[in-house]
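# A structural model of the following input is requested.
(2 chains)
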There are 2 protein chains.
Amino acid sequence: MSIPSFCIDPMGKALEQARKAFVKEEVPVGAVIVQDNRIIAATHNLVETTHDPTAHAEILALRQASQILQTAYLTNCAMYVTLEPCAMCAQAIAFARIQSLFFGAYDPKGGAIDHGPRLFTQPTCHHSPEIIGGLRAHECQNLLRDFFKKLR
Amino acid sequence: MSIPSFCIDPMGKALEQARKAFVKEEVPVGAVIVQDNRIIAATHNLVETTHDPTAHAEILALRQASQILQTAYLTNCAMYVTLEPCAMCAQAIAFARIQSLFFGAYDPKGGAIDHGPRLFTQPTCHHSPEIIGGLRAHECQNLLRDFFKKLR
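Just a heads-up that it's a prediction; the model follows:
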């Protein structure tokens, strides 16, 4: 018997990934990529652990999914991420032609979707996914708040 | 006897990298990162070869340099790249706190420094390198023009 599609919980899985980042003392952001109701990538921020300034959850998820599908173009995939993507990740999402983007907490300081450069509204942006922001925003935000409170 | 500092030719090396991309039928863009008059990373665009939407020359150079120096923060490094960086790469350059950015050809369609979102001028951008654009622009541009002419 196949698992019914409603059993997958991508934002829950992204939150689980964010909690893994928290434990590693990384800014707690998690991301997953879904294709055909199947999670094909699940990653979390690893900038400090890997000494890689590009190792945001979204970049790692795009790289993981593109390796699995053996293509740089994830046209029929959705991304779920616990925080509004920054300009680096938003542009990478556009390059990968992600179909739908669901994010959790809004990020007025570093976000590039509803804040800052609002990347997908730029006339030079060649691909914009469908976007739903604020999904389980409180849970995503609380995790970030707890992390930065612990840091101080 | 140490090699005099004027002997390194970072934009020449970036162009050499761009030509390697050309041969692999990748959009010909090359990048190098310099620290203390020493080239510590030299990379070229590998999006198609590696099926990785994030594998722009600049991202690969940042990752290479950060692995060599074992830090995500390349504060005393300069980047030389043959094309004006896109928003993904510009934001990654900001995250890595690159000190100086030298680029070759201007990119009105995809660039994010002097075009599009002009990322380093955004109030949400926390770090902006010193920037010199148009370095050996004709050579960099000609290589791109030849590539797209061949493609048609």
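# And residue A:37, how far from chain B?
With distances defined as C-beta to the nearest C-beta, to the nearest Å, the gap from residue A:37 to chain B amounts to 22 Å. Any C-beta I mention is one placed from the backbone N, CA and C, and that applies to glycine too.
# ditto for residue A:110
Counting by C-beta to the nearest C-beta, the gap from residue A:110 to chain B is 6 Å.
# wait, doesn't that residue sit right on residue A:89?
No: taking contacts as C-beta atoms under 8 Å, residue A:110 lies outside contact range of residue A:89: 10.0 Å.
# For residue A:39, what are phi and psi?
Taking degrees, to the nearest 10, you get phi -80, psi 120 for the backbone angles of residue A:39.
# Which residue, neighbours along the chain excluded, lies closest to it?
With C-beta to C-beta, 6 or more residues apart in numbering or on different chains as the measure, residue A:32 is the residue that lies nearest to residue A:39, at 5.2 Å, once sequence neighbours are left out.
# residue ranges of the helices in chain A, please?
Listed in chain order, the helices of chain A (DSSP state H) span residues A:10-23, A:47-50, A:57-69, A:87-95, A:137-151.
# Now tell me what touches the first one from outside.
Pointing back at helix A:10-23 there. Defining contact as C-beta atoms under 8 Å, 6 or more residues apart in numbering or on different chains, one finds that helix A:10-23 is touched by A:27-32, A:34, A:39, A:42-46, A:57, A:78, A:80-82, A:102, A:104, A:135-136, A:139-140, A:143, A:146-147.
# And the average pLDDT for that helix is what?
This predicted structure assigns helix A:10-23 an average pLDDT of 98.
# can you check the shortest one too?
Confidence over helix A:47-50 (mean pLDDT, whole number) is 98.
# does any part of that helix sit near chain B?
Yes: with C-beta under 8 Å from any C-beta of the partner chain as the measure, helix A:47-50 is seen reaching chain B through A:47, A:48.
# Over to the last one?
No: taking C-beta under 8 Å from any C-beta as the criterion, helix A:137-151 and chain B are apart, separated by no less than 15.6 Å.
# For that helix, buried residues please.
Judged by neighbour count using 16 or more other C-beta atoms under 10 Å in any protein chain shown, the buried positions of helix A:137-151 are A:137, A:140, A:141, A:143, A:144, A:147.
# And those, which is closest to chain B?
Using C-beta to the nearest C-beta, residue A:144 comes nearest to chain B of those, at 16.6 Å.
# Would you mind listing the residues in contact with that closest one?
When contacts are counted by C-beta under 8 Å, 6+ apart, residue A:144 touches A:27, A:28, A:29, A:83, A:105.
# Mind pulling up the pLDDT for it?
98.
# Next: residue A:59.
Here, the pLDDT recorded for residue A:59 equals 98.
# tally of neighbours for it?
Neighbouring residues of residue A:59 were enumerated by other C-beta atoms under 10 Å in any protein chain shown; the total is 29.
# Repeat that for residue A:89.
35.
# tell me the contacts of it?
If a contact means C-beta under 8 Å, 6+ apart, then residue A:89 has A:56, A:58, A:59, A:81, A:112, B:88 as its contacts.
# try it again with 6 Å
Contacts here follow C-beta atoms under 6 Å, 6 or more residues apart in numbering or on different chains; on that basis residue A:89 touches A:56, A:58.
# next one: the one 5 residues further on
By C-beta under 6 Å, 6+ apart, the residues touching residue A:94 are A:125, A:127.
# Check residue A:134 too.
By C-beta under 6 Å, 6+ apart, residue A:134 lies in contact with nothing.
# Near chain B, which residues of chain A are found?
A:47, A:51-54, A:59, A:62-63, A:66, A:70-72, A:86-88, A:91-92, A:95-96, A:116-117, A:119, A:122, A:124 (C-beta under 6 Å from any C-beta of the partner chain).
# and with 8 Å instead?
Near chain B, the residues belonging to chain A are A:47-48, A:51-55, A:59, A:62-63, A:66-67, A:69-74, A:86-92, A:95-96, A:109-112, A:115-117, A:119, A:122-125 when assessed by C-beta under 8 Å from any C-beta.
# Buried only: go through those residues for me.
For the residues of chain A next to chain B, a neighbour count by 16+ other C-beta under 10 Å gives the buried set as A:47, A:51-55, A:59, A:62-63, A:66, A:69, A:71-74, A:86-92, A:95-96, A:110-112, A:115-117, A:119, A:122, A:124-125.
# for the residue nearest in space to the middle of chain A, what are its contacts?
Nearest to the centroid of the C-alpha atoms of chain A, with distances taken as C-alpha atoms, centre = their mean, sits residue A:81, at 2.9 Å. By C-beta under 8 Å, 6+ apart, the residues touching residue A:81 are A:14, A:29-32, A:57-58, A:61, A:89, A:101-104.
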